[in-house]
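Student: no sequence for this one, just the structure:
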């Protein structure tokens, strides 16, 4: 099993609509972490909550595509 990146933003949006959690690999993290999908907006942005102490919820858009991964 290996981490794979999504090919396009539509795949991330589809996964966000189906799943309660996505995996997000922030630039300074050693590995991806599960983030809870709070909301998928009509403007194609996603509100996410990392649910870890000291980390605030954030909104991701198409510019974050390379940070979303899934386990193959």
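Tutor: That came in fine, so what should we check first? The structure displayed is predicted, hence computed values, not measured ones.
Student: Do I have it right that residue 52 meets residue 35?
Tutor: No. In this structure residue 52 lies outside contact range of residue 35 using Cβ atoms under 8 Å: 9.1 Å. For the C-beta atoms, the positions are set from N, CA and C on the backbone; glycine is no exception.
Student: Pick out whichever of the two has more residues nearby.
Tutor: Taking other Cβ atoms under 10 Å, residue 52 and residue 35 do not tie; residue 35 has more neighbours (25 against 10).
Student: what bridges to the more buried one?
Tutor: residue 22 (DSSP bridges).
Student: Next: residue 5.
Tutor: residue 69.
Student: Double-check it against residue 71; I have them as touching.
Tutor: No. The criterion here is Cβ under 8 Å, and residue 5 misses it with residue 71 at 11.6 Å.
Student: Show me which of the two is the more surrounded one.
Tutor: Ranked by neighbour count (other Cβ under 10 Å), residue 5 and residue 71 place residue 5 first, with 13 against 9.
Student: which residues touch that one?
Tutor: Residues counted as contacts of residue 5 (Cβ atoms under 8 Å, 6 or more residues apart in numbering) are 65, 66, 68, 69.
Student: Then residue 36?
Tutor: So residue 36 contacts 20, 21, 48, 49, 50, 51 (Cβ under 8 Å, 6+ apart).
Student: can we see that at 10 Å?
Tutor: The contact partners of residue 36, by Cβ atoms under 10 Å, 6 or more residues apart in numbering, come to 19, 20, 21, 22, 47, 48, 49, 50, 51, 57.
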